[in-house]
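>>> My questions are about this predicted structure, shown below with the sequence.
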Amino acid sequence: MTASATIDGLLVVDKPAGWTSHDVVARLRRLAGTRRVGHAGTLDPMATGVLVLGIGRGTKLLTFLVGCDKTYAATIRLGESTNTDDADGEPTGGADPVRVTPERLAAAVAELTGAIDQVPSTVSAIKVDGQRAYARARAGEHVVLAPRPVTVHRFDVRGSRATTGREHPVLDVDVEVEVSSGTYVRALARDLGAALGVGAHLTALRRSRVGGFGLDRAHDLDELGRTVADGGALPVLPLGVAARSALPVRELAEAEARAAAYGQPLSSAQPGRSEPVAAFAPDGTLVAVLDESGTRARTRVVFAPAGS
């Protein structure tokens, strides 16, 4: 059974392990009864946690969520490297981390905190000559990706424990990181292992936040399926609520709201503002997302009335 009513908004899902982000989108398309479903940032199949989906006109908001900061809890295994920088890959070496002291670990983590240049994992979704890097790597090609500037706002070690690895003891380190868009946590794991001279890979990854959306708003896929099967509605955040959670807000006067609804420029409330702004009519309706970087605010997306 699928939902038949028109749905517009965002739905936050707690992605289960083993599912691709596209798998989740396909599932929500069936539950929502529409193909107009997308997501704001891929999670690897191994990873779990916050996956923000747009449904109907909510897909228009996804562009502005992709660039949001994100928070993850992860486990990094020091002492073993893999060809994918995570537990799904094949082992490529490593060394007993017996000499990794808390002081050395803290120093290496500090070097990977702040503004850094990061080389993405070779199995990332970055395109190389029109083809995804992971597709080239899995076809046996030698893939070299250029470093990219990213920001690691926070890289906290929460605990560690010695355990048994494939060939020698390893050290599992639990961390929490808050990073800018485009940061690969498994690349952080790889680089931490390289800095310590023992190799490393990611064994667990859970995304706890995308912008203003955290696990407290995330829904289990099985529960969503049962809700729809029982004739209930999906717990979609309406457009206005979703936009207020994700973006800075500007309240428009009636004349401004009419102009924005037709895509006409407005005077900027805060010229030079770099982030997009959600613009609301006096009745609380989301009218548009504005670009206020100049003296005149331009409409980046207009939310026309449903069915228009």
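Thanks, I have the structure now.

>>> chain center to stretch 186-201, what's the gap?
22 Å (CA atoms, centre = their mean, to the nearest Å).

>>> What of stretch 32-46?
Distance, centroid of stretch 32-46 to centroid of chain: 11 Å (CA atoms, centre = their mean).

>>> where does the protein dip in pLDDT?
Along the chain, segments meeting pLDDT under 70 span 1-6, 123-125, 127-143, 304-308.

>>> List the contacts of the residue most central in space within the chain.
What sits nearest the mean C-alpha location of the chain, by CA atoms, centre = their mean, is G41, with 4.1 Å. Applying CB atoms under 8 Å, 6 or more residues apart in numbering to G41 gives the contacts 21, 51-52, 65-66, 70, 181, 210. C-beta: built from backbone N, CA, C; applies to glycine.

>>> now it: how far from T82?
G41 is 23 Å from T82, where distance means CB to CB, to the nearest Å.

>>> How about R186?
In terms of CB to CB, R186 sits 9 Å off from T82.

>>> Which residues does the helix or strand where R30 lies contact?
Using DSSP states H and E, R30 falls within helix 21-32. Helix 21-32 is contacted by residues 2-3, 7, 11, 13, 15, 35, 37-39, 41-43, 51, 53, 55-56, 221, 224-225, 228, 234 when judged by CB under 8 Å, 6+ apart.

>>> One more: stretch 230-238?
1, 3, 5, 7-12, 31-32, 55, 58, 217, 219, 224, 227-228, 245.

>>> Can you say which of the residues you listed are buried?
Buried members of the contacts of stretch 230-238, scored by 16 or more other CB atoms under 10 Å, are 3, 7-12, 31-32, 55, 58, 217, 224, 227-228, 245.

>>> Could you work out the most separated pair of the residues you listed?
V228 and S245 (23.4 Å; CB to CB).

>>> for stretch 81-94, which positions count as buried?
For stretch 81-94, by 16+ other CB under 10 Å, it's 81-87, 89, 94.

>>> my bad, should have said stretch 220-232
Those would be 221, 224, 227-228, for stretch 220-232 by 16+ other CB under 10 Å.

>>> And for stretch 32-39?
For stretch 32-39, a neighbour-count test (16+ other CB under 10 Å) marks 32-34, 37-39 as buried.

>>> Widest-spaced pair of those residues?
Using CB to CB, those span at most 17.7 Å, a distance reached by G33 and H39.

>>> Return the residues in contact with the residue lying closest to D96 once chain neighbours are set aside.
Of all residues not flanking D96 in the chain, H168 sits nearest, at 4.5 Å (CB to CB, 6 or more residues apart in numbering). If you count contacts by CB under 8 Å, 6+ apart, H168 has them with 79, 94-96.

>>> Right, I'll leave it there.
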